[in-house]
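> Just the structure for this:
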Amino acid sequence: MQKFTNIFIFFLSLWAISTIVSFYFDVYVLFPFTLLENNEIPYNNLIAIRLAILATFAFYGLMHFLHGSKEVYPIHFLKTFLFMLSIMGLTVFLKGYAEVSLKQWLVLLFFFCVATILHLATGSKNRRFGKK
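Got it, this is the predicted structure:
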């Protein structure tokens, strides 16, 4: 399971790096390698990402107040953000600012599955936020 998880992380990292680099060449890419013709990210995606960032910040802020400052493994941050992106994306899509394509639903499902795999693959030592 650990090898499978590492493959997921490797390819997601590669995708992220290539998307960042392509921006500097005026090429705009959405997951999974969808080129945007008019350089506009769909509004639903922007709102979902914004809310996911805020929800992740709120989660770690609450954990700080409840448990104090603890070191968190990068994998914990990644799975927390992907869970928040899935939850916020679902709520934004259901609220219905615009029509949501099947492809967008599948991307949302993909990120939820990756977050679940990361959660299951990390040991309980990496999973816990509270005191040991």
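> Model confidence for the residue nearest to Phe81 when sequence neighbours are not counted, exactly?
Among residues not flanking Phe81 along the chain, Thr56 sits closest, at 4.9 Å (C-beta to C-beta, 6 or more residues apart in numbering). In this view, the C-beta of every residue, glycine as well, is placed from N, C-alpha and C. Thr56 is assigned a predicted lDDT (pLDDT) of 90.
> Okay, and Thr56 sits in which element?
Remark: Thr56 resides in helix 43-67, with elements defined by DSSP states H and E.
> Pull out the buried residues from that helix.
Using 16 or more other C-beta atoms under 10 Å as the test for burial, helix 43-67 gives 44-45, 47-49, 51-52, 55-56, 59-60, 63.
> Show me the shaky parts of the chain.
Applying pLDDT under 70 to the chain flags residues 1, 31-39, 97, 123-132.
> hey, where'd the strands end up in it?
For the chain, the strands defined by DSSP state E cover 29-30, 34-35.
> Just give me the closest of the buried residues of helix 43-67 to Leu78.
Thr56 (10.1 Å; C-beta to C-beta).
> got a list of what the closest one touches?
Residues in contact with Thr56 (C-beta atoms under 8 Å, 6 or more residues apart in numbering) are 77, 80-81, 84.
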